[in-house]
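Novice: coords please:
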Amino acid sequence: MRRIFAHLARDHELLLGAFLFGVIIFLAVFGRLIWPVDPLRVDVLNSLMPPSLAHPMGTDDVGRDVLARFIQGAQVSIGVAIGVTIAGTLIGGTLGLVAGLVGGWVDAVVSRAMDAILAFPPLILAMAVAIGLGPGILSAAIGVILAAIPWYYRLLRSEVLRLRTLMYVESARALGASNLRLIRLHILPQTTSTIFIQASSVFSFSILTLAALGFVGLGIQPPIPEWGTMITEGLAYALTGQWWLGVFPGLGIFALAVSANLIADRLRDIYDPKSGAQLSI
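Specialist: As a prediction, the model looks like this:
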């Protein structure tokens, strides 16, 4: 962590990513206190109003405040993306640690299952799961988690295969250390930074995929605001001059995805500049 703060002072890309990410997080956490407007309140008489002091991001087709919906959309998108990232890390990372350390038929079976999942493009896989389970926030989250698990698995498995051959790990095993003790004391501490960097990339992937699912109607369902769904609702008015309906949620997705990718890229360069090809999704 001290190394990250030291780089912030001279790394403009990392500073820009942290700033953008911090602004979006600040809006998601404190936005409702700063702008205490009900995002579901309908006011047909003030529908499709352009940005103004009363409505800084304008209103939608039924008079709902776009800024209030943008803030709640940030809360929903970020909350689901964080949950997806944590779940993917725990499931995929655990499978990778166990398969890499135990080896044998366990490694073979789990690796073939991960290869089967990787045969599908991540977005197509997430869409297929959402269609099979039915549109909604839970099915969208499950689809994105399933798409993210193999990337954690491959990353952690490769790290374990490398670390298990090191002298101090072999010495600990020879002295009778269990697999759980090896993971807890000797392997997991060496992979923490790698997991964190991959989590940043998966967070960005989750934001984009959730927005894409919402855009095609398979994600979070109205009336709950979600950036992808808001863009879809704004498409009907894109040619009639109501640009603010789709532009502001689009900018939110862009800023959050770019900032997460910038942070992941710069952290990768700081901790392990040779591992860039592995840490992606």
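Novice: need the contact list for residue 135.
Specialist: Residues counted as contacts of residue 135 (CB atoms under 8 Å, 6 or more residues apart in numbering) are 217-219, 221. (Glycine included, C-beta is placed from N, CA and C.)
Novice: got a quick ChimeraX command for the buried subset of those residues?
Specialist: Selection of buried members from the contacts of residue 135 for ChimeraX, criterion 16 or more other CB atoms under 10 Å:
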select :218,219
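Novice: now residue 68: how far from residue 82?
Specialist: 22 Å (CB to CB, to the nearest Å).
Novice: pick out whichever of those two has more residues nearby.
Specialist: residue 68 (23 against 13; other CB atoms under 10 Å).
Novice: so how far is residue 38 from the more buried one?
Specialist: Relative to residue 38, and taking CB to CB, residue 68 is found at 7 Å.
Novice: which parts of the stretch 151-281 of the chain are helices?
Specialist: For the stretch 151-281 of the chain, helices defined by DSSP state H, counting those that start in this stretch occupy the ranges 167-174, 179-182, 188-215, 227-235, 244-271.
Novice: nearest to residue 159, out of those?
Specialist: helix 188-215 (4.9 Å; CB to CB).
Novice: what is that closest one packed up against?
Specialist: The elements that helix 188-215 packs onto, with contact taken as 3 or more CB pairs under 8 Å, 6 or more residues apart in numbering; DSSP states H and E, are helix 66-102, helix 122-133, helix 137-163, helix 227-235, helix 244-271.
Novice: what's in contact with stretch 201-215?
Specialist: 77-78, 80-82, 84-85, 88-89, 122-123, 126-127, 130, 140-141, 143-144, 147-148, 151-152, 219-220, 226-229, 231-232, 253, 256-257, 260-261, 264, 279-281.
Novice: for it, list the C-alpha coordinates in PDB.
Specialist: The C-alpha trace of stretch 201-215 is given here as PDB (Å, rounded to 0.1, in the frame of the first residue of the first chain):
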ATOM      1  CA  SER A 201      -9.900  -5.900 -14.100                       C
ATOM      2  CA  VAL A 202     -12.900  -8.100 -13.200                       C
ATOM      3  CA  PHE A 203     -14.700  -5.100 -11.600                       C
ATOM      4  CA  SER A 204     -14.400  -3.200 -14.900                       C
ATOM      5  CA  PHE A 205     -15.600  -6.200 -16.800                       C
ATOM      6  CA  SER A 206     -18.600  -6.600 -14.400                       C
ATOM      7  CA  ILE A 207     -19.600  -3.000 -14.900                       C
ATOM      8  CA  LEU A 208     -19.500  -3.300 -18.700                       C
ATOM      9  CA  THR A 209     -21.300  -6.700 -18.800                       C
ATOM     10  CA  LEU A 210     -24.000  -5.600 -16.300                       C
ATOM     11  CA  ALA A 211     -24.600  -2.500 -18.400                       C
ATOM     12  CA  ALA A 212     -24.700  -4.600 -21.600                       C
ATOM     13  CA  LEU A 213     -27.200  -7.000 -20.000                       C
ATOM     14  CA  GLY A 214     -29.300  -4.100 -18.900                       C
ATOM     15  CA  PHE A 215     -29.100  -2.600 -22.400                       C
END
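Novice: perfect, I'm done here.
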